[in-house]
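Asks: when you get a sec, could you give me coordinates for this:
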Amino acid sequence: MFDPAVYATPSAPEFAVSFRNVWASVARPGATWTGEERVAIARIGRIAREKAAGSPESMLDVGLPPPVIQASAVLGGDPGRVRLPWVKALNEAGLSPEGYVEIVSIVSRVTVVDTFHRSLGLPLIELPDPESGDPSGEVDARARTNSRAFAPTVGPPMIPTALSAIPAEMAAMADIQDTMYMTGDDMADPDFQRDGLHRTQIELVAARTSRINECFY
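Replies: Next comes the predicted model:
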């Protein structure tokens, strides 16, 4: 499914393994959503993103509650709309803070894989078949919601703790971040290099990409 041979980079084997991990994670039941719901969330985010890019695809009837569909579609296709009042409105409409965290994790990781394939002119990989089972309910009881935060976090609300309310999603995000960007240990090295790029060049690309994507953190 993910063939390292099509990724023309020295890190191709790492990418293929990490992408397989993303697909396996999306297919499994999470803390708040079943495997079937997680794959549906991923599909909504993908359709919204492709539609925003000019695809004629329409939204599918996936049987999820309206706030879940809205969150998945906006996060996938128009993330610049995400603001605290919007998230609070979703919570008031019935989407739990933990459920929102899980949607963020699913949609963002699938977006990483899809964007990588698009950048290389490769077709998108078919989403996985969902696994059966009930949600685990495994959330971190220490997570608290700061008045300025979009979701509960363990510790201060910031990028590294954004998914910390759900340990499994935190670990899944760390896996693909380590592969596509750098590890926490690497971040401590100002002269870190990867695939011919120096740390300064990596950060320039990251900053420019964040600006184009209207990242506002």
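
Asks: do a quick rundown of the strands in this protein.
Replies: 193-194, 197-198 (DSSP state E).

Asks: export these to a markdown table and tack on mean pLDDT and mean neighbour count?
Replies: Placement of C-beta: from N, CA and C, glycine included. A markdown table is the format used below for those (pLDDT from 0 to 100; neighbours: other CB atoms under 10 Å):
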| stretch | mean pLDDT | mean neighbour count |
| --- | --- | --- |
| strand 193-194 | 91 | 14 |
| strand 197-198 | 94 | 13 |
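
Asks: please pick out the residue of the chain most distant from its centre.
Replies: Distance from the centre of the chain peaks at D191, with 27.8 Å (CA atoms, centre = their mean).

Asks: what residue spans form the domains of the chain?
Replies: 4-180, 187-217 (automatic domain parsing).

Asks: nearest residue to the residue farthest from the centre of the chain in space, please, no chain neighbours.
Replies: Sequence neighbours aside, R199 is the residue nearest to D191 in space, at 6.2 Å (criterion: CB to CB, 6 or more residues apart in numbering).

Asks: distance check, that neighbour against D189.
Replies: 7 Å (CB to CB, to the nearest Å).

Asks: so what's the residue positioned nearest the centre of the chain up against?
Replies: Nearest to the geometric centre of the chain sits S108, at 1.9 Å (CA atoms, centre = their mean). Neighbouring residues of S108 by CB atoms under 8 Å, 6 or more residues apart in numbering: L75, M173.

Asks: so what pLDDT did it get?
Replies: With respect to pLDDT, S108 scores 96.

Asks: how about the nearest residue to E138, chain neighbours excluded?
Replies: Nearest residue to E138, sequence neighbours excluded (CB to CB, 6+ apart): A31, at 5.1 Å.

Asks: my read: the one you found touches A143, true?
Replies: No. Between A31 and A143 there is no contact under CB atoms under 8 Å: 11.2 Å.

Asks: list the buried residues for the longest helix seen in the chain?
Replies: In the chain, with assignment by DSSP state H, the single longest helix is helix 97-119. By neighbour count on 16 or more other CB atoms under 10 Å, the buried set for helix 97-119 is 97-114, 117.

Asks: and if you look at stretch 185-195?
Replies: Across stretch 185-195, burial judged by 16+ other CB under 10 Å covers F192.

Asks: so how far is it from its chain's centroid?
Replies: Put simply, stretch 185-195 sits 23 Å off its chain's centre (CA atoms, centre = their mean, to the nearest Å).

Asks: quick one: contacts of that stretch?
Replies: With contact meaning CB under 8 Å, 6+ apart, stretch 185-195 is reached by T9, P10, S11, M182, H198, R199, I202.
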